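1. from the sequence below, what's the structure:
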Amino acid sequence: MDKKINEFKSLLQLNEELSQINDLDAVLDYLLTKARKMTNADGGTIYIAKEDKLKFSYTQNDTLFSSNLDNKNLYSNLTINIDETSIAGYSAYKKELLNIPDCYKLGDRFSYHFNSSWDKKSGYHTQSMLTQPIKNVNDVVVGVIQLINAKDSSGKIIPFSKDDEVLISYFAGNASVHIERANLTRELILRMIKMAELRDPKETGPHVNRVGAFAAELYEHWATKNNISYSKIKKLKGNMRLSAMLHDVGKIAISDTILKKPGRFDDEERAIIKTHTIFGAQLFKNSTSELDKLSLDIALNHHERWDGKGYPGKVKDIYSEDVKMAEGKKADEIPLCGRIVAIADVYDALMSSRYYKESWTEKDTLNEIKKCGGTQFDPKLVNYFMEIHATIHAIRAKYQD
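-> Numbers count the residues shown, from 1 in each chain. As a prediction, the model looks like this:
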């Protein structure tokens, strides 16, 4: 009875907590974590529907992915067809829940089959599986949630129960609203970026998605190392991703003649370019949400330097009509979010080709980041960045120009 009461309380909290999450990846992470906890599942995946395919959008597995050093599997580009051949595809195609006690004993009774290639590659053994389509109010499938390997109290893999079917159906029923809302938030941000891209060709969708993901992963690793609570990490990680995507939105206030200049900037033009940090921060004046406050701090501080030689510095009033650059912030005077995005932005800029330069090699870029630890960048964050390099590499592969 106590278990049922706790499950009921968790379900009541679900909508309230999800309503406070703006980032799509954070929504998917929260949904999957809660669904797995309540069904005692070892792993799981959420797919998002895109036209006639399911996109592998978020995955968790306590057996395989137990370290914050390696989140590369979160950035897979895997897709499967929405048809009758795969388990998740069938669930989406038929809009049906599937509860499979043992994936290896399906035989030829069904049109769908279990793809064991991941098990062979990873050494994992998938056994029980619970798959549920996520439908919106118009009965359109927007995704699929799939849970893997239910466990009993001793850790033995067992089939998912009828109670688990009820729970996952409830999760799916609530998930669509929050997934579509988070998708809309990201789309709105990308439209803001598209406006900036019309002014500055460097501000592309792939660039801001990469910087946002780099920053989110670097924050999570820093927070884990510093014993920040799991709930706080997950909440701030999503906002970090979205806010970092808006780091250069202030460039929309800079003249086209400067932004689109084919050659190098002179001193006067460079001084004008630097004001994009202030203009970006001004966009979030009178903000009340945590997302807006974080966006303001990142826009204002992502060009500050650890050694105090960055900009715009300790500006007294960024909203004054005659605002001027000031003495640079130094070390911990720079907000953590600004120090994180500084590394993420420079790394991606060096790795990307521009009309005025060729892309750097991975080796040269990493060497430059290391060399600048303690001068341009927070040295501890540089070390953490190197520790999650496999994840950084996966992000670049997912968000290609």
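
2. could I get the full set of strands for the stretch 51-200 of the chain?
-> For the stretch 51-200 of the chain, the strands defined by DSSP state E, counting those that start in this stretch cover 53-61, 79-81, 98-100, 129-135, 141-151, 157-158.

3. worst mean pLDDT among those?
-> When those are ranked by mean pLDDT, strand 53-61 comes last with a mean of 89.

4. switch the strands of the stretch 51-200 of the chain over to CSV; also include mean neighbour count and distance to residue 188.
-> All C-beta atoms are positioned from the backbone trio N, CA, C, and that covers glycine. Below are these laid out as CSV (neighbours: other CB atoms under 10 Å; distance: least, CB to CB, whole Å):
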stretch, mean neighbour count, distance to residue 188
strand 53-61, 21, 19
strand 79-81, 16, 25
strand 98-100, 19, 35
strand 129-135, 25, 22
strand 141-151, 23, 18
strand 157-158, 16, 42
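
5. adding distance to residue 23, write those out as TSV.
-> Listed next are these as TSV, based on distance: least, CB to CB, whole Å:
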stretch	distance to residue 23
strand 53-61	11
strand 79-81	21
strand 98-100	29
strand 129-135	18
strand 141-151	16
strand 157-158	32
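
6. which one of those strands lies nearest to residue 234?
-> Checking the strands of the stretch 51-200 of the chain against residue 234 by CB to CB gives strand 53-61 as the closest, at 11.9 Å.

7. between strand 129-135 and that closest one, find me the angle.
-> 130 degrees (axes from the mean of the first three to the mean of the last three CA atoms, to 10 degrees).

8. list the contacts of strand 53-61.
-> 25, 28-29, 32-33, 36, 42-49, 65, 73-74, 76-82, 88-89, 92, 124, 143-144, 148 (CB atoms under 8 Å, 6 or more residues apart in numbering).

9. go with 6 Å
-> Outside strand 53-61, the residues that touch it by CB atoms under 6 Å, 6 or more residues apart in numbering are 28, 32, 43-48, 73, 76, 78-82, 88, 92, 144.

10. buried ones among those residues?
-> Neighbour counting by 16 or more other CB atoms under 10 Å classes 28, 32, 43-48, 73, 76, 79-80, 82, 88, 92, 144 among those as buried.

11. pick the one among these closest to residue 104.
-> Lowest distance from residue 104 to these (CB to CB) belongs to residue 43, with 15.9 Å.

12. which SS class is the closest one?
-> State at residue 43, reduced to three classes by DSSP: H, G, I helix; E, B strand; the rest coil: strand.

13. what separation do you get for it and residue 139?
-> Going from residue 43 to residue 139 by CB to CB, to the nearest Å gives 28 Å.

14. what's the answer for residue 300, then?
-> For residue 300, the distance to residue 139 - CB to CB - is 45 Å.

15. show me where the stretch 51-200 of the chain has its helices.
-> 87-94, 117-122, 162-199 (DSSP state H, counting those that start in this stretch).

16. mind putting those in TSV, mean pLDDT and distance to residue 215 included?
-> Formatted as TSV, the helices of the stretch 51-200 of the chain follow (pLDDT from 0 to 100; distance: least, CB to CB, whole Å):
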stretch	mean pLDDT	distance to residue 215
helix 87-94	97	30
helix 117-122	89	28
helix 162-199	83	14
